[in-house]
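1. Predicted model and sequence below, questions to follow.
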Amino acid sequence: MSAQNKIPAGTILLSDSEAFGCQGAVHMVDPGTGLSSFFALGGDLVGATGIAVEADGNVLVSKDRQYPGTGTLLRLSRSGGTTTQSVVADGGNFVAPCAVVVEGDGRILVADLFSRGPGAIIRVNPVTGKQTVLSVSDSMIDPLRPGGLCVAADGTIVVVEQAGPVAEPQSARVVRIDPTSGTRTVVSSGGALVSPADVAVDHEGNILVVDANAFDDFSGGVIKVDPVSGAQTVVSSGGSFDSPAAIAVEADGSLLITDNTAASGGPTLFRVDPTTGDQHVLASGLPFRSLTGVKVVPGA
């Protein structure tokens with residue numbers, strides 16, 4: 001993507017699986033005004049799940065196979081005001097891709113909820129599209145069942161796992177994955193973690209988890225997890241949250257949270273103060289339909 005076509009740093013990108021009659025979309029939101037516009041609409045974006053940005057400014061979107069086609073990883077490139085969609089990888093190990101992130105060296109990681117049965121983390125070559133399974137559990141006794149994922153500053157991969165279908169382990173948890181061996185290490189489990197949907201790491205290295213059902217009356221919220229001790233601290237809960245789904249961290253440390261059934265009125269993008277937990281509606285309502293991922297365009 002040429003310099004004149006790059007999205008300005010700080011711009012908020014939202015993947016939407018069902019915008020405008022289930023076409024799927026990527027929205028751009030101005031971080032100051034909250035005004036939204038389309039980066040891409042329709043094409044192969046129906047069923048869009050996770051979203052990420054590559055170093056050259058191209059946008060990556062994962063897509064679930066329950067929509068037409070197979071599980072897919074798309075690349076969106078803009079030139080002359082027109083956005084082009086191309087397939088980076090599809091089929092293969094993809095079953096239900098739910099999140100995507102770019103590693104420091106440009107390789108792509110995709111979390112797939114049902115790949116290999118119990119779920120897997122799949123590494124994708126950004127040029128050839130070759131898929132390599134980095135981490136997968138060996139049985140349904142300890143399924144990976146990944147939700148969101150992110151990459152910490154040291155290259156370690158952080159993943160939130162859904163509660164298991166069998167008695168042990170039944171708790172949702174946060175795990176750390178070695179980027180070379182794929183070995184999983186539990187950072188934190190149980191506690192306030194009930195239905196973790198996404199994860200991010202803030203500028204101090206703290207792990208931030210958005211959970212759809214963590215609190216009273218099954219309302220969701222944001223939980224901070226100490227990366228060393230695993231101790232959990234509630235950042236924000238209740239208020240206008242109902243079932244928050246995705247999280248990102250802005251340059252100043254503010255948190256961006258999506259919630260498709262927010263009390264403030266349908267699909268909503270919140271900005272949350274990481275210290276006080278105060279929730280502010282940044283954008284909501286149409287054209288948003290089913291917000292599945294959020295990403296902040298990084299600076300140079």
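-> Looks like it arrived, so ask away.

2. bridging residues for Val29?
-> Ile12, Ser36 (DSSP bridges).

3. let me fix that: Val101
-> Legend: beta-bridge partners of Val101 under DSSP bridges are Leu109.

4. So it sits against Ala152, correct?
-> No. Applying C-beta atoms under 8 Å, one finds Val101 not in contact with Ala152, separated by 10.7 Å. C-betas here are computed from N, CA, C, even on glycine.

5. Looking at these two, which one has more neighbours?
-> Looking at Val101 and Ala152 with other C-beta atoms under 10 Å, you find the greater number of neighbours at Val101, namely 26 against 15.

6. how much space between that one and Arg123?
-> For Val101, the distance to Arg123 equals 11 Å [C-beta to C-beta, to the nearest Å].

7. Can you pull the residues that touch both of these two?
-> Residues touching both Val101 and Arg123 (C-beta atoms under 8 Å, 6 or more residues apart in numbering) are Ile108, Leu109.

8. who touches Val151 in this structure?
-> Neighbour list for Val151: Val101, Val102, Glu103, Gly104, Leu109, Ile157, Val158, Pro179, Val201 [criterion: C-beta under 8 Å, 6+ apart].

9. Using the three-state scheme, assign Asp217.
-> Under DSSP: H, G, I helix; E, B strand; the rest coil, the three-state class of Asp217 is helix.

10. Which strand or helix spans the closest residue to Arg107 other than its chain neighbours?
-> Once flanking residues are discounted, Arg107 sits nearest to Arg123: 5.7 Å by C-beta to C-beta, 6 or more residues apart in numbering. Arg123 belongs to strand 120-124 when assigned by DSSP states H and E.

11. Kindly export that strand (C-alpha atoms) in PDB.
-> What follows is strand 120-124, C-alpha atoms only, in PDB (Å, rounded to 0.1, in the frame of the first residue of the first chain):
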ATOM      1  CA  ALA A 120      -5.500 -24.600  16.900                       C
ATOM      2  CA  ILE A 121      -3.200 -21.700  16.400                       C
ATOM      3  CA  ILE A 122      -2.100 -21.700  12.700                       C
ATOM      4  CA  ARG A 123       0.900 -19.700  11.300                       C
ATOM      5  CA  VAL A 124       0.500 -18.400   7.800                       C
END
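
12. Which strands and helices lie in contact with it?
-> Strand 120-124 sits against strand 108-112, strand 131-136, strand 146-151, with contacts defined as 3 or more C-beta pairs under 8 Å, 6 or more residues apart in numbering; DSSP states H and E.

13. residue ranges with poor pLDDT in the stretch 1-150 of the chain?
-> 1-5, 66-69, 138-142 (pLDDT under 70).

14. In it, mark out all the helices, start to finish.
-> 19-22 (DSSP state H, counting those that start in this stretch).
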